[in-house]
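Okay, sequence plus prediction incoming.
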Amino acid sequence: MPIRYIDQLKDLKGKKVFIRVDFNVPQDDKGNITEDSRIVGAVPTIKYALEQGAKVVLASHLGRPKGEKKPKYTMAPASKRLSQLIGKKVIQAPDCFGPEVDKLVDALKPGECLMLENVRFYPGEEKNDAEFARKLANGCDIYVNDAFAVSHRAHASVEAITKVIPTIAAGFLMRNEMTFFDKAMTNPVRPLVAILGGAKVSGKLEVLEKLVNKVDKIVIGGGMAFTFLKAMGYSVGKSLVEDELIVTAKKVMDKAKKRGVTFYLPVDCIVANAFDAKATNFVTTVQEIPEGWMALDIGPASATLFAETLRDAKTVIWNGPMGVFEMDAFARGTFAVAEAVGNCFATTVIGGGDTDAAVNKAGVADKVSYISTGGGAFLELLEGKTLPGVKALDVKSK
Ligand SMILES: Nc1ncnc2c1ncn2[C@@H]1O[C@H](COP(=O)(O)OP(=O)(O)O)[C@@H](O)[C@H]1O
Ligand SMILES: O=C(OP(=O)(O)O)[C@H](O)COP(=O)(O)O
């Protein structure tokens, strides 16, 4: 598919360049960014545009505010971090469109940079609404997508906007991600092991239905595991479960069996009486999760079992922490898997904001072959999909 990159555009000087980035970065309770690799990853594109004399308008989402203005999800901390990284002021807009934003965009000088407020503060973003895309575009001359991690979402600032702004291109982060994928993942060396965890059960479980056709082993931990365990008939107490996906979970397991794909689930877990760092907790088998308790990490036997699955692996892809690693009491399983991935003799790929944070926290980031900024986006590429955000950049369709 013919995609144009930002350095193939002729003249950016004085042009209003809208850059979609993914600054959906993990933060602590006080709003401090705990992992900034998605911001660091977009810096080359932003710097390039600024150095070429563009007037840069940045847009991103953060979290899932569900179409409402929730202060917790402001882009302000990300703007601040970006400003430190590029050594330049980043103006934080109070909204993502409207008269005040118009004024700020009109006042931009070449080489200056404005960050719009969270695009998911409006329902039009996730609805891929054309009118909302027009409001966001705000008369910009050029659209650049450097948000690989959200390019699996056909949302207004990723998809609809490419029909509004006349010139479209991809950024350098996008180029790096796609180049790595083409080189290492189109025909991966086998056995290929996929380790999945985290909390985004809906979305990633559906992806698994297709991934089963591509991988040799599947390892499931984190919040994701309990929908599978419930599908197998276990009582999982108050653990994270998406009941409407139990049928899909069964389908995935059946398909894996038919294809001869080995499927691993936790055999033990750490249960807690509340979702709290200081909650009472203990290790138990997955058959014995007490009523009213929730599993917040895999247990030690599962960590050993999961590490064992990597012994003969030649390619490993990992997305989603094994537990609530942000709390020390529930971080051991994630760190054990991070160690195992870091030390195995395979091409290892980590993806997703929280998984990247976990790998950094575990101190094994240097030992993995490739860290992708995308979790779901990377998995959907692996599934064989053309991401809607990438498809929208096809210059032939313009
Ligand atoms: N057993 C669990 N119960 C609830 N949440 C969990 C559990 N295991 C992991 N998580 C949470 O999953 C989140 C990360 O999930 P996800 O967004 O899917 O990963 P990524 O950002 O790497 O793609 C983390 O915040 C972590 O606390
Ligand atoms: O964090 C992201 O995806 P990931 O958790 O799959 O890595 C992206 O920013 C997309 O966010 P979304 O899953 O709320 O659409």
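Arrived safely, thanks for sending. Residues are numbered from 1 along each chain as shown. Ligands and ions are numbered 1, 2, ... in the order given.

Around ligand 1, pick out the residues from this protein.
Proximity of the chain to ligand 1 is confined to 197-200, 222-223, 240, 295-296, 319-321, 323-324, 326, 352-355, 375 under the rule Cβ under 6 Å from any ligand atom. To be clear about C-beta, it is placed using only N, CA and C from the backbone, and glycine gets the same treatment.

Near ligand 2, list only the ones from these.
200, 352-353, 375.

which of these has the most neighbours?
residue 352 (28 neighbours; other Cβ atoms under 10 Å).

Test my guess that it contacts residue 375.
Yes - the criterion here is Cβ atoms under 8 Å, and residue 352 meets it with residue 375 at 2.5 Å.

Give me the common contacts of those two.
By Cβ atoms under 8 Å, 6 or more residues apart in numbering, residue 352 and residue 375 have these common neighbours: 149, 198, 319-320.

In helices only, show me these.
Among the shared contacts of residue 352 and residue 375, no member falls in helices (criterion: DSSP state H).

Highest neighbour count among the residues you listed?
Neighbour tally across these (other Cβ under 10 Å): the maximum, 29 neighbours, falls on residue 319.

What residues does the closest residue to ligand 1 within the stretch 151-300 of the chain make contact with?
Closest residue of the stretch 151-300 of the chain to ligand 1, Cβ to the nearest ligand atom: residue 198 (2.5 Å). Residue 198 is in contact with 204, 222-224, 319-321, 352, 354-355, 375, counting by Cβ under 8 Å, 6+ apart.

What of residue 16?
So residue 16 contacts 54-55, 57, 105, 108, 138-142 (Cβ under 8 Å, 6+ apart).

okay, it: pLDDT?
Residue 16 is assigned a predicted lDDT (pLDDT) of 98.

Kindly report the same for residue 375.
pLDDT, residue 375: 94.

now swap in residue 215 and tell me
95.

Is it correct that it falls within a strand?
No - read with DSSP: H, G, I helix; E, B strand; the rest coil, residue 215 is coil and lies in no strand.

will you turn the contacts of residue 198 into a markdown table that also has secondary structure?
Compiled in a markdown table, the contacts of residue 198 are given as follows (three-state DSSP):
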| residue | secondary structure |
| --- | --- |
| 204 | helix |
| 222 | coil |
| 223 | coil |
| 224 | coil |
| 319 | strand |
| 320 | coil |
| 321 | coil |
| 352 | coil |
| 354 | helix |
| 355 | helix |
| 375 | coil |
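
which SS state does residue 153 fall under?
Classified using three-state DSSP, residue 153 is coil.

ditto for residue 366
At residue 366 the chain is in helix, as set by three-state DSSP.

Near it, how many other residues are there?
8.

and what of residue 260?
Other residues within reach of residue 260, judged by other Cβ under 10 Å, total 7.

now swap in residue 28 and tell me
9.

Need the residue in the protein that's farthest from the chain's center.
When distances are taken from the C-alpha mean of the chain, residue 107 lies farthest, 33.2 Å away, according to Cα atoms, centre = their mean.

any idea how far that one is from ligand 1?
According to Cβ to the nearest ligand atom, to the nearest Å, residue 107 and ligand 1 sit 36 Å apart.

could you redo the contacts of residue 16 as JSON lines and give each row distance to residue 154 and secondary structure?
Below are the contacts of residue 16 laid out as JSON lines (distance: Cβ to Cβ, whole Å; DSSP: H, G, I helix; E, B strand; the rest coil):
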{"residue": "54", "distance to residue 154": "26", "secondary structure": "coil"}
{"residue": "55", "distance to residue 154": "27", "secondary structure": "strand"}
{"residue": "57", "distance to residue 154": "21", "secondary structure": "strand"}
{"residue": "105", "distance to residue 154": "25", "secondary structure": "helix"}
{"residue": "108", "distance to residue 154": "29", "secondary structure": "coil"}
{"residue": "138", "distance to residue 154": "21", "secondary structure": "coil"}
{"residue": "139", "distance to residue 154": "23", "secondary structure": "coil"}
{"residue": "140", "distance to residue 154": "20", "secondary structure": "coil"}
{"residue": "141", "distance to residue 154": "23", "secondary structure": "coil"}
{"residue": "142", "distance to residue 154": "21", "secondary structure": "strand"}
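
Of those, which is the most crowded?
Among the contacts of residue 16, the one with the most neighbours (other Cβ under 10 Å) is residue 54, at 30 neighbours.

Would you confirm that that residue contacts residue 11?
No - applying Cβ under 8 Å, one finds residue 54 not in contact with residue 11, separated by 9.5 Å.

Give the full set of residues in contact with the spatially closest residue to residue 147 that is not a sequence neighbour.
Nearest residue to residue 147 in three dimensions, chain neighbours excluded: residue 22, at 4.0 Å (Cβ to Cβ, 6 or more residues apart in numbering). Neighbouring residues of residue 22 by Cβ under 8 Å, 6+ apart: 38, 42, 60-61, 147-150, 373-374.

6 Å - rerun?
38, 147, 149-150 (Cβ atoms under 6 Å, 6 or more residues apart in numbering).

And for residue 79, the neighbour number?
Residues near residue 79, counting by other Cβ under 10 Å, number 24.

Of all the residues in whichever helix or strand it is part of, which ones are buried?
Using DSSP states H and E, residue 79 maps to helix 76-86. Buried residues in helix 76-86, counted by 16 or more other Cβ atoms under 10 Å: 76-79, 81-83, 85-86.

Need the residues that contact that helix.
With Cβ under 6 Å, 6+ apart, helix 76-86 has contacts from 23, 31, 33, 36, 39, 43, 47, 90, 92, 115.
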